[in-house]
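Peer 1: What shape does this take:
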Amino acid sequence: MKTAARKRIHFVLQILLVFFIALPITMSASIAPQKALALSNGLSITPPMGWNSWNFYACNVDETKIKTAADALVSSGMKAAGYNYVVIDDCWQTGRASDGTIIADPVKFPSGMASLANYVHSKGLKFGLYTDAGYTTCGGRPGSYNHETQDANTYASWGVDYVKVDWCDNGGMDPQTRYTIIRDALANSGRPILFSICNWGVNKPWVWGAATGNMWRTTDDIFDYWNRVTWIIDQNAPLANFAGPSKGWNDADMLMVGNYGTGAVTGGGMTDTEYRSHMSMWTIMASPLIAGNNLTTMNQFTKDTLMNSEVIAVDQDALGRQGVLVSDLGGLQVYSKLLQTAGTRAVVLLNRTNSDSNITVNFSSLGLGSTLAVRDLWAKTNKGTFTNSYTVNIPSHGSVMLKLTGTETTTGSIVSGKTFRIAPKSTGLSVAVDGASTANGANVLQWEQGIAQNDKWVITSTDGGFYKIINVKSGKALSVENASLSDGAKVLQWDFGSTGNDQWQIQGVGQGFYKVTNRLSGKSLNVANNSLINGGTFIQWPYSATDNMTFQIIETDITYEAEAATLHSLSTESTNSGYTGNGYVAGWNSGGQWVDFNVNADAAGTYNLTFRYAGGAGTAGRYLYVNGVGVVNNLSFVGTGSWTSYNTVTVPNVQLNSGSNTISLIFDASKGSANWLNLDHLKVSH
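Peer 2: The predicted model follows:
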């Protein structure tokens, strides 16, 4: 966690980061860091569980509150459910003694930390404390810089079992270096102490964290509102391959379940439906489960959510695999987590849209057989045996969490003509065209998912079991440079031809993964040098069952963010909540203002155009052009009531050309255009 001022700074940095994600920059794969050997201290074999003081109390923490929390963990049943760490966050310390020893606030903690640790231990629980790797903590208290060994020894003498180390006031230091020093100090303290790295994902701790800590924060702080939860999901979910019992855990931050906007952290609270989805996703992602609510005032729904034994069992499954995104169709998402028992999966069906919707999980996409037993983990009921798929209606922002039981099999074949993201198992990053280029010869590299459509591909069968893989942004094909047959030949984009170097066999290898093999050379798609970071390039190489040659093929839809379109006398904003991507095009209401979307269609035909928008109180009108021809004189965007409430309007059966198309929304008073409109995105579908 951080102070409010620092939060604003880091929020701005996150926005800038997301902007650059949309337009990849080539980076040298030869300098990409590799995973180090894992820290071996015998702790956190499964994701840690417990309670932390910050989300509810922030700096308003004291000895009585901590004792009360420990008592409540036991009396509520939380301890029996697995929550066994009681962690005091920032503001417990006041300074240092003349010899440098850290001093606990004598007013807030009159009995001292050793006594408080003994109290927590007497309840059968473990005791944790917070510090910072920098000069001062986020609350302005003494940090551990130049006192690492002294502090570690002090914590050990007090009986501390868990140390969370933040990243404020770090003076621009290298996080890996700083946290390695703290790791060694804790290791030499004479007491087993779980090490929680909290540097908000700076310098990709998932790459080096396994050799350094037991868990590492992957994002900036969580807040108590839905859009922040989904933002964290999108940052954390792709990092699945970095987590596990022999590695450590991707920490998605502490739980907000049960706060309802009453805690000390930013946000007006969430609905019960949203809190349950929050819990579903933290467990499917194998995140540490660190509660942050008032344990003495939990309502029954909060208790049932935090203490559902079947849901917790997914998080604590001994195999320790983090779940992965399987499909994402307009915010209707399917996540799958491999479990220890062969032939089983935990699945979350998550509805991120603003209306009730059916979501389907296709069994073959998980690497399971056609007939499965389905159990609903929140309802704790068996739903029966189903063939090929299971569909359920889910409320807006809601989720269903399932356990599927059947047999392992080869992952099912790709459905021709659909749109997919292609992600190496090793990194979870997306196969993307460098710089969102539309030019022949542009490099193909791995990058975080963006909004420019250069990381989405239409996969269409050709003949003989092969496919062409066409980039949505450029309309060009994934190809091997110069039709080379050589090991290490570069993979790039080029106009689709007839030589076979731009056709690929996509074969399931089980557990939801695929290998991708070139038709001409017989060699497979490979992340060069096993790069683990943005910018790693792709080559062809003789296939081996390594993670950098194993891929997820994630079904998605084609959504064009308005802020990434060509804007004429318009600007973008991100001040209102609820938008997708990085923001929206701010309302326009005068002539000479319009938006051009460049849409690539795999084939000529009729498509549905769906615009997502916020419209305030009045109805707005816009003139719809497609490839320079007027389609709708006055397309009506009915007011949504507020600038944070969204709706969609669909224009069906619009004729598009094969390849590039320009779709324009224009303010034209002569055609009836009127009123302000915030435009979020355009979705193109059959």
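Peer 1: where along the stretch 251-400 of the chain do the strands fall?
Peer 2: 289-291, 324-329, 332-338, 344-351, 357-362, 371-376, 381-387, 389-394, 399-405 (DSSP state E, counting those that start in this stretch).
Peer 1: okay if I get those as CSV plus mean pLDDT?
Peer 2: Listed next are these as CSV, based on pLDDT from 0 to 100:
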stretch, mean pLDDT
strand 289-291, 98
strand 324-329, 96
strand 332-338, 97
strand 344-351, 98
strand 357-362, 95
strand 371-376, 98
strand 381-387, 98
strand 389-394, 97
strand 399-405, 98
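Peer 1: With respect to burial, which of those strands scores highest?
Peer 2: strand 289-291 (a mean of 27; mean count of other CB atoms under 10 Å). Every C-beta, even on glycine, is put in place using the N, C-alpha and C of the backbone.
Peer 1: What strands flank that one, and is each parallel or antiparallel?
Peer 2: strand 49-52 (parallel) (DSSP bridges).
Peer 1: any idea where the helices of the stretch 151-300 of the chain begin and end?
Peer 2: Using DSSP state H, counting those that start in this stretch, the helices of the stretch 151-300 of the chain run over 175-187, 205-208, 226-236, 272-284, 300-306.
Peer 1: that older thread, for the strands of the stretch 251-400 of the chain, which one sits closest to I422?
Peer 2: Closest to I422 of these is strand 324-329 (CB to CB; 12.5 Å).
Peer 1: what packs against the closest one?
Peer 2: strand 332-338, strand 551-556 (3 or more CB pairs under 8 Å, 6 or more residues apart in numbering; DSSP states H and E).
Peer 1: Okay, angle between that strand and strand 332-338 too, please.
Peer 2: Counting by axes from the mean of the first three to the mean of the last three CA atoms, to 10 degrees, strand 324-329 lies at 160 degrees to strand 332-338.
Peer 1: Give me the contacts around strand 324-329.
Peer 2: Defining contact as CB atoms under 8 Å, 6 or more residues apart in numbering, one finds that strand 324-329 is touched by 237-238, 240, 333-337, 361-362, 365-366, 421, 428, 512, 552, 554-557.
Peer 1: try it again with 7 Å
Peer 2: Under the criterion CB atoms under 7 Å, 6 or more residues apart in numbering, residues 237, 240, 333-336, 365-366, 512, 552, 554-557 lie in contact with strand 324-329.
Peer 1: Okay, now the sheet partners of it, with direction.
Peer 2: Using DSSP bridges, the strands paired with strand 324-329 are strand 332-338 (antiparallel), strand 551-556 (parallel).
Peer 1: Just the angle for the longest one relative to strand 357-362, thanks.
Peer 2: Yep, that's strand 332-338 we're talking about. 40 degrees.
Peer 1: what about the strands in the stretch 501-650 of the chain?
Peer 2: 504-510, 513-518, 524-527, 538-541, 551-556, 558-561, 566-568, 572-573, 584-585, 594-601, 605-614, 620-626, 629-637, 647-656.
Peer 1: hmm, back to that, dump the strands paired with strand 324-329 to JSON lines, plus distance to N382.
Peer 2: Shown next, in JSON lines, are the strands paired with strand 324-329 (distance: least, CB to CB, whole Å):
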{"stretch": "strand 332-338", "distance to N382": "19"}
{"stretch": "strand 551-556", "distance to N382": "28"}
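Peer 1: Let me know which of the ones you listed is the nearest to S474.
Peer 2: Closest among those, once you apply CB to CB, is strand 551-556, at 16.9 Å.
Peer 1: Distance from the closest one to the middle of the chain?
Peer 2: 15 Å (CA atoms, centre = their mean, to the nearest Å).
Peer 1: can you list contacts of it?
Peer 2: By CB under 7 Å, 6+ apart, strand 551-556 touches 324-329, 414, 418-425, 456, 506, 512-514, 516, 525.
Peer 1: What residues sit buried inside that strand?
Peer 2: F551, Q552, I553, I554, E555, T556 (16 or more other CB atoms under 10 Å).
Peer 1: partner residues bridging the first one?
Peer 2: Legend: beta-bridge partners of F551 under DSSP bridges are P424, Y514.
Peer 1: Equivalent analysis for V334, please.
Peer 2: S327, L349.
Peer 1: Now for it: which residues touch it?
Peer 2: Applying CB under 7 Å, 6+ apart to V334 gives the contacts V326, S327, V347, L349, I359, V361.
Peer 1: And for A603?
Peer 2: Here A603 is in contact with S658 (criterion: CB under 7 Å, 6+ apart).
Peer 1: repeat that with 8 Å
Peer 2: Per CB under 8 Å, 6+ apart, neighbours of A603: G417, S658.
Peer 1: Same question for Y543.
Peer 2: Y543 neighbours (CB under 8 Å, 6+ apart): K515, T517, K523, S524, M549.
Peer 1: Do me a favour and get the end-to-end distance for stretch 518-525?
Peer 2: Using CA to CA, to the nearest Å, the end-to-end distance of stretch 518-525 comes out at 8 Å.
Peer 1: And the pLDDT at the closest residue to C138 other than its chain neighbours?
Peer 2: Nearest-residue entry for C138: C168, 4.0 Å, with adjacent residues in sequence omitted and distances by CB to CB, 6 or more residues apart in numbering. You'll see C168 listed with a pLDDT of 98.
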